[in-house]
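Asker: this one's structure only:
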């Protein structure tokens with residue numbers, strides 16, 4: 001997150017700059033605050049806002065550069081315009097501008113979501129709002145806001161993560177690391193970091209308690225396998241490589257339609273050596289080999305044309321259309337959300353989903369390479385088969 005105090009000005013030309021973005025559909029006016037009677041009027045012109053700001057600024061003739069023009073930017077689309085608007089308002093409060101008249105405009109003309117703020121440095125009593133160490137203060141206030149928001153967000157994420165059934169520490173770590181956190185185990189405590197700052201902890205004993213309560217649902221595992229087998233003929237299971245890791249047409253389809261997410265494990269563009277399956281409908285994580293060995297999962301089928309007729313499994317309804325899926329508010333740029341569960345795995349009845357399964361649209365885990373120790377969470381057969389060495393008897397001299 002970046003905050004930049006832009007070039008000072010004797011006039012309020014930033015108003016025309018930002019409203020011009022709105023006129024060109026490159027921006028959205030999100031908030032007009034503390035403009036008095038103007039806020040109850042319609043069809044206002046940019047000059048109306050300028051006149052009001054000039055009137056407030058006229059309370060002091062000593063301030064040569066009354067305009068405050070600030071940009072707050074996030075990386076890519078990690079924060080929506082609504083989230084940026086909330087952060088910007090908190091920032092204005094922290095900087096002492098909360099009671100000042102200001103405009104808040106969202107810009108969508110770059111690859112990074114960002115907002116602009118335009119206000120006056122002159123308070124209504126004619127005094128200048130302090131700009132002492134302003135640039136340092138700007139980041140101190142922003143970092144404080146982000147830290148508070150991150151801690152609050154982590155609380156919600158931890159609640160969701162611990163509602164999942166997982167059988168290894170590696171699976172627990174994958175859930176959090178794919179949400180943008182890093183974990184370090186120190187003295188039987190997981191220290192949870194974001195942006196190189198520790199924002200929370202969880203005792204290892206709590207993680208172990210969740211692991212101890214893990215129980216396999218063999219009926220569910222058979223059902224998942226049947227789903228994979230069914231659609232592997234109409235969607236190519238062959239692995240494809242990209243900058244973010246591994247995927248396949250079959251994996252993309254299973255994630256979109258059923259909330260079955262496959263995370264392949266591998267390094268440096270080499271063939272994956274294992275995978276983990278997230279069943280978001282049942283809120284359970286499986287080692288890949290528990291469902292299907294990797295070799296069988298990615299083996300090409302004779303034909304992958306969509307014209308193949310596939311019989312409906314017992315108790316299974318037609319897959320939900322894309323319109324029936326929850327609107328995901330994040331993409332594969334780092335915003336991570338657990339997908340809302342599909343109804344197909346549960347006979348098409350959403351009422352049969354596990355408790356809380358319909359509230360999973362808050363974060364999605366993208367299919368990518370996870371560079372953590374997953375020695376106890378991969379296709380053991382594939383690894384042992386590849387690395388096993390033939391045992392030989394020691395040679396002895398029989399002469």
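Answerer: Great, that's in hand. Bear in mind that the values here come from a model prediction, so they are computed numbers and not experimental data.
Asker: Excluding covalently adjacent residues, which one is nearest to residue 108?
Answerer: residue 26 (6.2 Å; Cβ to Cβ, 6 or more residues apart in numbering). Where C-beta positions appear, they are placed from N, C-alpha and C, glycine not excepted.
Asker: Where do the helices of this protein begin and end?
Answerer: Taking DSSP state H as the criterion, the chain contains helices spanning 13-23, 46-57, 81-94, 134-161, 169-177, 204-212, 218-231, 249-258, 288-291, 294-298, 380-387.
Asker: tally of neighbours for residue 200?
Answerer: 17 (other Cβ atoms under 10 Å).
Asker: Likewise for residue 232?
Answerer: Neighbours of residue 232 using other Cβ under 10 Å come to 24.
Asker: Kindly report the same for residue 90.
Answerer: 18.
Asker: And for residue 45?
Answerer: Using other Cβ under 10 Å: residue 45 sits among 10 other residues.
Asker: hang on, the earlier thing: now render the helices of the chain as TSV, adding distance to residue 114.
Answerer: Formatted as TSV, these follow (distance: least, Cβ to Cβ, whole Å):
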stretch	distance to residue 114
helix 13-23	11
helix 46-57	20
helix 81-94	7
helix 134-161	13
helix 169-177	27
helix 204-212	38
helix 218-231	41
helix 249-258	30
helix 288-291	40
helix 294-298	41
helix 380-387	46
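Asker: looking at those helices, which is closest to residue 101?
Answerer: helix 46-57 (6.1 Å; Cβ to Cβ).
Asker: So residue 74 is in contact with residue 84, correct?
Answerer: Yes - if you go by Cβ atoms under 8 Å, residue 74 and residue 84 touch, sitting 6.4 Å apart.
Asker: Give me the common contacts of those two.
Answerer: Counting by Cβ atoms under 8 Å, 6 or more residues apart in numbering, the contacts common to residue 74 and residue 84 are 113-114.
Asker: the more surrounded of these two?
Answerer: Neighbour count, other Cβ under 10 Å: between residue 74 and residue 84, residue 84 has more, with 22 against 18.
Asker: Could you pull up the residues touching that one?
Answerer: 72, 74, 106, 113-115.
Asker: cool, residue 175 as well?
Answerer: Counted by Cβ under 8 Å, 6+ apart, residue 175 has contacts 161, 164, 166, 285, 365.
Asker: from these, which two are the most distant?
Answerer: Those two in the contacts of residue 175 that are separated most widely, counting by Cβ to Cβ, are 166 and 365, at 12.7 Å.
Asker: which secondary element of this protein has the worst mean pLDDT?
Answerer: strand 337-338 (a mean of 40; mean pLDDT, DSSP states H and E).
Asker: Please dump the contacts of residue 175 into a markdown table; it should also carry neighbour count and distance to residue 1 for every row.
Answerer: Below are those laid out as a markdown table (neighbours: other Cβ atoms under 10 Å; distance: Cβ to Cβ, whole Å):
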| residue | neighbour count | distance to residue 1 |
| --- | --- | --- |
| 161 | 23 | 24 |
| 164 | 20 | 29 |
| 166 | 25 | 31 |
| 285 | 25 | 31 |
| 365 | 20 | 23 |
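Asker: least trustworthy position among those residues, going by pLDDT?
Answerer: Within the contacts of residue 175, pLDDT reaches its minimum at residue 365, with 44.
Asker: Pick the one among the contacts of residue 175 closest to residue 16.
Answerer: For the contacts of residue 175, the nearest to residue 16 is residue 365 (44.0 Å; Cβ to Cβ).
Asker: can you list the contacts of residue 175 in CSV and add distance to residue 295?
Answerer: Formatted as CSV, those follow (distance: Cβ to Cβ, whole Å):
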residue, distance to residue 295
161, 30
164, 27
166, 24
285, 21
365, 24
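Asker: Could you tell me which of those residues belong to strands?
Answerer: residue 285 (DSSP state E).
Asker: and which of the contacts of residue 175 is nearest residue 266?
Answerer: residue 365 (16.7 Å).
Asker: just to revisit the earlier point, any idea which of the contacts of residue 175 is the one closest to residue 6?
Answerer: Closest to residue 6, out of all of the contacts of residue 175 and judged by Cβ to Cβ, is residue 365, at 37.4 Å.
Asker: Bridge partners for residue 27, pull those for me.
Answerer: residue 107 (DSSP bridges).
Asker: ok, it touching residue 105?
Answerer: Yes - using Cβ under 8 Å, residue 27 makes contact with residue 105 at a distance of 5.2 Å.
Asker: Can you report how many residues neighbour residue 176?
Answerer: Neighbours around residue 176, by other Cβ under 10 Å: 21.
Asker: Please apply the same query to residue 289.
Answerer: 20.
Asker: Ok, the one 10 residues further on next?
Answerer: As a burial measure, residue 299 scores 12 neighbours (other Cβ under 10 Å).
Asker: Please report the distance of it from residue 237.
Answerer: Using Cβ to Cβ, to the nearest Å, one obtains 7 Å as the distance from residue 299 to residue 237.
Asker: neighbour-wise, which of residue 27 and residue 105 wins?
Answerer: Each of residue 27 and residue 105 has its neighbours counted (other Cβ under 10 Å); residue 105 has more, 26 against 22.
Asker: contacting residues for the residue lying closest to that one once chain neighbours are set aside?
Answerer: In space, and not counting its chain neighbours, residue 105 is closest to residue 18: 4.3 Å by Cβ to Cβ, 6+ apart. By Cβ under 8 Å, 6+ apart, the contact set of residue 18 is 27, 29, 103, 105, 116, 118.
Asker: ok, now with 10 Å
Answerer: Going by Cβ atoms under 10 Å, 6 or more residues apart in numbering, residue 18 touches 26-27, 29, 46, 49, 69, 103-107, 115-118.
Asker: among those residues, which ones are buried?
Answerer: 27, 46, 49, 69, 103-107, 115-118 (16 or more other Cβ atoms under 10 Å).
Asker: Just name the closest of those to residue 148, please.
Answerer: residue 115 (18.7 Å).
Asker: I'd say the closest one and residue 21 touch.
Answerer: No - Residue 115 is beyond contact range of residue 21, at 11.1 Å (criterion: Cβ atoms under 10 Å).
Asker: Quick check: neighbours shared by the two?
Answerer: 27-28, 105-107.
Asker: Out of these, which two are the most distant from each other?
Answerer: Going by Cβ to Cβ, the pair spanning the shared contacts of residue 115 and residue 21 furthest: 28 and 107, at 8.4 Å.
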